[in-house]
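Q: A predicted structure for the sequence below; I have some questions about it.
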Amino acid sequence: MKNRSAYTSKIRNRHRTIERIKLLIVLMSVAAYAPAQQYDLLIINGHVIDPKNKIDAVLDVAVADGKIAKLATGIDSLQSKKIIDAKGLYVVPGLIDMHTHVFVGSKPGTFADGMYSVSADDFSFRSGVTTMVDAGTSGWQNFPLFKEQVIDHSQTRILAFLNIFGTGLSSGQAIKDISTINEDSTVAIMQRYRDLIVGSRIGHFDGSDWTPFNTALDAATKMNEPLFVECHLPQYSLRDQLKKMRPGDIITHSYEEITERLPVVDSSGKLHSFVLDAQQRGVLFDVGHGGAGFWFSQAVPAFQQGLAPNTFGTDLHRFSMNAGMKSILNIMSKYLNLGMSVNDVVTRASWNAAKALKHEELGNLSEGSVADIAILNLQHGSFGFVDAGGKRLSGDKKLEAELTIRAGKIVWDLNGLSAQPYQR
Ligand SMILES: [Zn+2]
């Protein structure tokens, strides 16, 4: 009996083991068939423009862990937790605004820590922008405050050119006092905040002494970064400024027509040849629209004669935000209506800017890159565009930001493309 009982127990155990194996096989097959949902977000059917990778086609874009996971046709939608149908829309790298003033604070009458600046998040995502570059609102003395007060608390990625004047744009006026210039301190701050500071900046100086310009250029050279030249330098000649600038240095307000600076197009409508020569030598021309920096009387003949902007900086601040500038998309739309292609305007607002900033990890949709993405709607209709001189250009094309993604998170969704339908 004892032997028989041991035999039965052995059989029972073997049965149990077999049953367990069977159950395991069933569970494994279920797991194999169930969607793994390896992506957090999948944008399907959109027209992808990724200038870095020379992509200009209808493709799906998958996002996982805040990064671009895959670009391909027909990515399985069961593999994603969320689907966005971008049919009829453009899917492009998150836009980079090369020229803003976002060192906002409570001081009246000033840009640095002041009310002339604006808050980045209030303007960026609704325009498809995921990176804003502050154009020297701070200098070596107040950059740490700018970082602590604004950069660290913004969802928008903020990079900065460092003003050669120690207190940055600490008034609304052109600076005459050069006593805050200190090259060693400037370079020390540029080194300490290397991940945030993208170059040095000269502008708003009313003097004929070239020390500020030369010092800013030296600091940029020492850091192997670009110099950003924001005109308002009435006593420097444009020809001399361009002559001193190296390939990769950036001039902004390229199409300004004001008395304090020689315009790029002369009174007979001809583009100065030394200006085109500078661009061909590698000096970069940024729009820097602002309140006074963009005139059709300059931009249109310059464009027709070969001087297209390299980047579309807005010069966003309190006095441009509600004027003819409005947003980077409005500037891109102006150029679309002047005959530039969608691919060319996207290139200038993304990959060109990333290259100019030497931040080539940005402005592209390469697999593994941070998932900063703008989904744009190209509207067709009857539109008007205004310049700094109050002139109106009619056009039939206008770009609008439908949805913006910053590091894989949806931060702007104009028409609820990513939201569930409300059931009444
Ligand atoms: Zn500016």
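A: Cool, got the structure. On a predicted model such as this, the values are computed, not experimentally measured, just so you know.
Q: Please identify which helix or strand holds the residue lying closest to residue 170 once chain neighbours are set aside.
A: Leaving aside its chain neighbours, residue 170 sits nearest to residue 112 (4.7 Å; criterion: Cβ to Cβ, 6 or more residues apart in numbering). Quick note: C-beta positions are derived from backbone N, CA and C, even for glycine. Assigned by DSSP states H and E, residue 112 belongs to no helix or strand.
Q: list the contacts for residue 112?
A: 103, 105, 137-139, 142, 146, 167-170 (Cβ atoms under 8 Å, 6 or more residues apart in numbering).
Q: Is residue 165 part of a helix or strand, or is it coil?
A: coil (DSSP: H, G, I helix; E, B strand; the rest coil).
Q: List the buried residues for stretch 297-316?
A: By 16 or more other Cβ atoms under 10 Å, the buried positions in stretch 297-316 come out as 297-303, 305, 307-316.
Q: neighbours around residue 167, how many?
A: Neighbour count of residue 167, defined by other Cβ atoms under 10 Å: 18.
Q: roughly how far apart are it and residue 55?
A: In this view, residue 167 and residue 55 are 44 Å apart by Cβ to Cβ, to the nearest Å.
Q: Residue 385: what secondary structure?
A: Taking three-state DSSP as the rule, one finds residue 385 in the strand state.
Q: What parts of the stretch 1-150 of the chain come near the ion?
A: Proximity of the stretch 1-150 of the chain to the ion is confined to residue 135 under the rule Cβ under 5 Å from the ion.
Q: mind redoing it with 8 Å?
A: 99-101, 135-136 (Cβ under 8 Å from the ion).
Q: Would you mind measuring from the residue in the stretch 301-424 of the chain positioned nearest to the ion to residue 305?
A: In the stretch 301-424 of the chain, the residue that lies nearest the ion is residue 315 (4.2 Å; Cβ to the ion). The gap separating residue 315 from residue 305 is 23 Å, by Cβ to Cβ.
Q: and if you look at residue 399?
A: Residue 399 is 25 Å from residue 305, where distance means Cβ to Cβ.
Q: and if you look at residue 357?
A: Residue 357 is 27 Å from residue 305, where distance means Cβ to Cβ.
Q: Filter the residues of the stretch 1-150 of the chain next to the ion down to the ones in helices?
A: With DSSP state H as the criterion, helices contain none of those.
Q: Can you lay out these as TSV showing pLDDT?
A: Shown next, in TSV, are those (pLDDT from 0 to 100):
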residue	pLDDT
99	98
100	98
101	98
135	98
136	98
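Q: sorry, back to before: was I right to think the residue of the stretch 301-424 of the chain closest to the ion contacts residue 134?
A: No - judged on Cβ atoms under 8 Å, residue 315 makes no contact with residue 134 at a distance of 11.1 Å.
Q: Between the two, which contacts overlap?
A: Residues touching both residue 315 and residue 134 (Cβ under 8 Å, 6+ apart) are 100-101.
Q: from memory residue 285 sits against residue 312, does it?
A: No - between residue 285 and residue 312 there is no contact under Cβ under 8 Å: 10.7 Å.
Q: which stretches of this structure have low pLDDT?
A: Within the chain, the segments meeting pLDDT under 70 span 1-35.
Q: What residue, apart from its backbone neighbours, is nearest the residue nearest in space to the middle of it spatially?
A: Against the mean C-alpha coordinate of the chain, by Cα atoms, centre = their mean, the closest residue is residue 96 at 1.1 Å. If the residues on either side of it in the chain are set aside, residue 96 comes closest to residue 353, at 3.7 Å by Cβ to Cβ, 6+ apart.
Q: same question, residue 405
A: Of all residues not flanking residue 405 in the chain, residue 373 sits nearest, at 4.2 Å (Cβ to Cβ, 6+ apart).
Q: can you pull the contacts of that neighbour?
A: Counting by Cβ under 8 Å, 6+ apart, residue 373 has contacts 43, 61, 63, 68, 91-94, 130, 365, 404-405.
Q: Residue 261 too?
A: Contacts for residue 261 (Cβ under 8 Å, 6+ apart) come out as 231-234, 238, 253.
Q: The ion: which of those is nearest?
A: Among the contacts of residue 261, and counting by Cβ to the ion, the member closest to the ion is residue 253, at 7.7 Å.
Q: about what we covered before: check the contacts of residue 261 against the ion, which are close?
A: Okay, of these touching the ion (Cβ under 8 Å from the ion), that's residue 253.
Q: Return the subset of the contacts of residue 261 lying in helices.
A: Under the assignment DSSP H, the contacts of residue 261 contribute residue 238 to helices.
Q: got the contacts of residue 261 as CSV, with distance to residue 188 columns?
A: Shown next, in CSV, are the contacts of residue 261 (distance: Cβ to Cβ, whole Å):
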residue, distance to residue 188
231, 27
232, 26
233, 25
234, 30
238, 31
253, 29
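Q: Select only the buried ones of the contacts of residue 261 in ChimeraX?
A: This is how ChimeraX selects the buried members of the contacts of residue 261, with burial counted by 16+ other Cβ under 10 Å:
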select :231,232,233,238,253
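Q: Quick check: closest non-adjacent residue to the residue of the stretch 101-250 of the chain found nearest the ion.
A: At 4.5 Å from the ion, residue 135 is the closest residue in the stretch 101-250 of the chain, using Cβ to the ion. Distances taken as Cβ to Cβ, 6+ apart put residue 99 closest to residue 135, at 4.7 Å, once the chain neighbours are dropped.
Q: Tell me, how many residues neighbour the one you found?
A: The number of residues packed near residue 99 is 30, by other Cβ under 10 Å.
Q: unless I'm mixing things up, it is touching residue 252, no?
A: Yes - counting by Cβ under 8 Å, residue 99 does reach residue 252; the two are 5.4 Å apart.
Q: any shared contact partners between these two?
A: 135, 230, 286-288, 313, 315.
Q: any idea which of these is closest to residue 198?
A: Sorting the shared contacts of residue 99 and residue 252 by how near they are to residue 198, with Cβ to Cβ, puts residue 135 at the top with 10.3 Å.
Q: Wait, the closest one touches residue 252, no?
A: Yes - counting by Cβ under 8 Å, residue 135 touches residue 252, with 7.0 Å between them.
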